[in-house]
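Colleague: Kindly generate the corresponding structure for this input.
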Amino acid sequence: MILPDSHAHLPGVAEDLGGAALEGLLADYAAAWAVPGFCRPWLVDIGTQAGDFPARLALSGPRPFLGYSLGIWPGLPALEDVPGSLAALEADLASARAREAYPGELVVAIGECGLDYHHMDGSPASQAALFEGQLDLAAREGLPTIIHTRDAFEATLGLIKGRGGRQALLIHCFGYGPKEAEAFLAEGCLVSFAGNLSYKKAEALRAALALVPRGRLLLETDSPYMNPEPRRGRPCSPRDIERTYALAASLLGLSPEALEAELSQTLGAFLFPQRLGQ
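Modeller: Numbers count the residues shown, from 1 in each chain. All right, here's what the predicted structure looks like:
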């Protein structure tokens, strides 16, 4: 089933599942988009490195349901030259905007960017500098920011403190518990849950889900990663988000159709406001 997915890495889907699988997926999204009255199945392809946008655009193309983010994940080699990495990202954004071929912005967000103290590819200071530079770029350009945070809750919260009232922030693949969810929500963030919501030991994630107000919740695959049960550990695609929707709807006491309609509206308003009336 084709449903809104706030965070996917489409080149990874093509690499792990094959180019034909990606082509079929995009064709099915286009078909679902064309059905009158169908809740709009938005899809977001996420950037992780400076310079990756041209290849991603060539792979998936400009499509009415598809948006792209531009961002730098906190890894090597970006952390070895933070000023150069940020300058390259700004050049990417300028180039992308100059070549936009679809009505409404092709680039809908900055990210994913943030802090990763699990892999720890660079010092906390270098990660913070790379993250803050992208937060500032998003603020200047009036774009939402898609935030990666792993084992770095307090540091992430400190860096976004006070920004939520001035710019749109999304915590992607939320990986903490209810207390952390409340803190991010207090800063004005949206919160997105991935397939790990279904994992056996994810009680804290499921408790956090129940705290997210209407209009602040999104779901994602983070494909080709985070395949929901019972296919944990296998590569996934946005098709697999159906199981996450079904679980989340059950936990929230909603029908899958009601949750789909709600999240379609939330994702459209957050990342695709210029396309909502098209």
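
Colleague: Go ahead and name everything in contact with the helix or strand containing Gly67.
Modeller: In this assignment (DSSP states H and E), Gly67 forms part of strand 66-70. Here strand 66-70 makes contact (C-beta atoms under 8 Å, 6 or more residues apart in numbering) with 26, 29, 42-47, 53, 56-57, 60, 89, 92-93, 96, 105-112, 146, 271-272. (Glycine included, C-beta is placed from N, CA and C.)

Colleague: same question, stretch 199-214
Modeller: 174-178, 180-182, 185, 191, 193, 196-197, 217, 229, 232, 248, 251-252, 262.

Colleague: after the strand holding Gly67 comes which helix or strand?
Modeller: According to DSSP H and E, the helix or strand after strand 66-70 is helix 82-98.

Colleague: so how far is the helix or strand that that next one is followed by from its chain's centroid?
Modeller: Next along the chain after helix 82-98, taking DSSP H and E as the criterion, comes strand 107-116. Strand 107-116 sits 8 Å away from the centroid of its parent chain (C-alpha atoms, centre = their mean, to the nearest Å).

Colleague: partner strands of strand 107-116, parallel or antiparallel?
Modeller: Strand pairing for strand 107-116, determined by DSSP bridges: strand 66-70 (parallel), strand 145-150 (parallel).

Colleague: Helix 82-98 and the shortest one, what's the angle between them?
Modeller: Angle of strand 66-70 versus helix 82-98, following axes from the mean of the first three to the mean of the last three C-alpha atoms, to 10 degrees, is 150 degrees.

Colleague: mind listing what the nearest residue to Pro238 once chain neighbours are set aside touches?
Modeller: Computed as C-beta to C-beta, 6 or more residues apart in numbering, the closest residue to Pro238 that is not its neighbour in sequence is Asp5, at 4.2 Å. Taking C-beta under 8 Å, 6+ apart as the criterion, Asp5 is in contact with 41-44, 219-221, 223, 238, 241.

Colleague: Buried subset of these, written for ChimeraX?
Modeller: A single ChimeraX command is used to select the members of the contacts of Asp5 judged buried by 16 or more other C-beta atoms under 10 Å:
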select :41,42,43,44,219,220,221,223,238,241
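
Colleague: now, among the contacts of Asp5, which is nearest to Ala78?
Modeller: Nearest to Ala78 among these: Val44, at 20.9 Å, using C-beta to C-beta.

Colleague: Could I get the phi/psi values of that closest one?
Modeller: Val44 adopts backbone torsions of phi -120, psi 120, taken as degrees, to the nearest 10.

Colleague: what's it in contact with, if anything?
Modeller: Counting by C-beta under 8 Å, 6+ apart, Val44 touches 5-8, 66-69, 108-109, 267, 271.

Colleague: gap between it and Ala109?
Modeller: 7 Å (C-beta to C-beta, to the nearest Å).

Colleague: Check Ser192 too.
Modeller: 12 Å.

Colleague: so Phe65 makes contact with Trp33?
Modeller: Yes. With contact defined as C-beta atoms under 8 Å, Phe65 reaches Trp33; the gap is 4.7 Å.

Colleague: neighbour-wise, which of these two wins?
Modeller: Neighbour tally, Phe65 and Trp33, criterion other C-beta atoms under 10 Å: the higher count belongs to Phe65, 20 against 17.

Colleague: Can you check the pLDDT for the more buried one?
Modeller: The per-residue pLDDT reported for Phe65 equals 95.

Colleague: Quick one: residues contacting the most centrally placed residue in the chain.
Modeller: Nearest to the mean C-alpha position of the chain, counting by C-alpha atoms, centre = their mean, stands His7 at 3.3 Å. His7 makes contacts with 44, 46, 112, 146, 172-173, 192, 194, 220-222, as judged by C-beta under 8 Å, 6+ apart.

Colleague: Without its sequence neighbours, what residue ends up closest to it?
Modeller: His7 sits nearest to Glu220 (C-beta to C-beta, 6+ apart), 3.6 Å away.

Colleague: Would you map the helices across the stretch 151-278 of the chain?
Modeller: Secondary structure of the stretch 151-278 of the chain by DSSP state H, counting those that start in this stretch: the helices cover 153-160, 178-186, 203-209, 241-252, 256-271.
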